[in-house]
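**Student:** Here is a sequence together with a model predicted from it:
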Amino acid sequence: MHKQNLFFIGLDDATLQQLEQLPQAGHCAFHPLLEVDAIRDGAHCDLRALIHEAVDSLAGFEGTVDGIVSDGGFPATVLVPMLAARFRLPSPSLEAVLKCEHSYWSRREQAATVMSSMPMRSAASRPLLSPSDRRLSRPERKSITFHKVASWRPFMETLHGNL
C-alpha cells in the first residue's frame, strides 16, 4: 500500500507526535520541510532562500510529493501555496491566503462580502449604528461604519466560493 508523502513546513517532534495520533496517520508518511528555526522569525526570514531550499528538498525527494502543509503563521502559510503551485498540488491560491492573513485585504473582502449579502432596505446605504454608537461624537468614530449581520452563513458561503 502506497503511503501519501506529506511534507510539513517546520515539523517538530511535538507536532509529529500529534500527527501520528490522527486516524489517517497509517496512510501517511510525514516528512519535515525546512527547519523550525528557519521559519520561526517571519519578520527576518529570507523568503527567497526558503523557497529555493524547499524546492531543492522536494525536487530531490525520491518518492512522490503528495502534499505540503503547515500549521504556523508567516512565512509557512505563504510558502504552502507557492510550493503547491510549483509541484501541481491542490492548495488555496497565494492571493486567497494573503487576503485572509493581511488585515487590510481581509477587512476589504469581509466588507464587500457582507455588504453584498445584506438584504436591500431603504436605508441600506446608511451605516446601521447601535444607540450607544450614535451618542459618541468623537471625530475618530465618524469614519467607522458598523453593519448588523443577521447571519454569517452567506458571508462564509461567498468567501468559500471565492477561495
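**Tutor:** Yep, that arrived. Numbers count the residues shown, from 1 in each chain.
**Student:** can you give me the strands in the protein?
**Tutor:** Under the criterion DSSP state E, strands of the chain are mapped to 4-9, 28-33, 67-69.
**Student:** Adding distance to Pro92 and mean pLDDT as columns, could you present those strands in a markdown table?
**Tutor:** Backbone N, C-alpha and C define where each C-beta goes, glycine included. Output for the strands of the chain, formatted as a markdown table (distance: least, Cβ to Cβ, whole Å; pLDDT from 0 to 100):
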| stretch | distance to Pro92 | mean pLDDT |
| --- | --- | --- |
| strand 4-9 | 15 | 94 |
| strand 28-33 | 18 | 94 |
| strand 67-69 | 12 | 93 |
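**Student:** want to throw the ones you listed into CSV with mean neighbour count and distance to Val97?
**Tutor:** Conversion of the strands of the chain to CSV gives the following (neighbours: other Cβ atoms under 10 Å; distance: least, Cβ to Cβ, whole Å):
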stretch, mean neighbour count, distance to Val97
strand 4-9, 20, 13
strand 28-33, 18, 17
strand 67-69, 20, 13
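**Student:** do you know which of the ones you listed lies nearest Val114?
**Tutor:** Of all the strands of the chain, it is strand 67-69 that lies closest to Val114, at 30.0 Å by Cβ to Cβ.
**Student:** How about the contacts made by the closest residue to Asp66 other than its chain neighbours?
**Tutor:** Spatially, and ignoring its direct neighbours in sequence, Asp66 is nearest to Gln4 (4.2 Å; Cβ to Cβ, 6 or more residues apart in numbering). Counting by Cβ atoms under 8 Å, 6 or more residues apart in numbering, Gln4 touches His27, Cys28, Ala29, Asp66, Gly67.
**Student:** go with 7 Å
**Tutor:** Taking Cβ atoms under 7 Å, 6 or more residues apart in numbering, we find Gln4 in contact with His27, Cys28, Asp66, Gly67.
**Student:** same thing with Leu50?
**Tutor:** Neighbour list for Leu50: Leu34, Ala38, Ile39, Pro75, Leu79 [criterion: Cβ under 7 Å, 6+ apart].
**Student:** Which ones among those residues lie within helices?
**Tutor:** Among the contacts of Leu50, DSSP state H puts Ala38, Ile39, Leu79 in helices.
**Student:** In this structure the last one contacts Ile9, no?
**Tutor:** The reference is to Leu79. Yes: using Cβ atoms under 7 Å, Leu79 makes contact with Ile9 at a distance of 5.8 Å.
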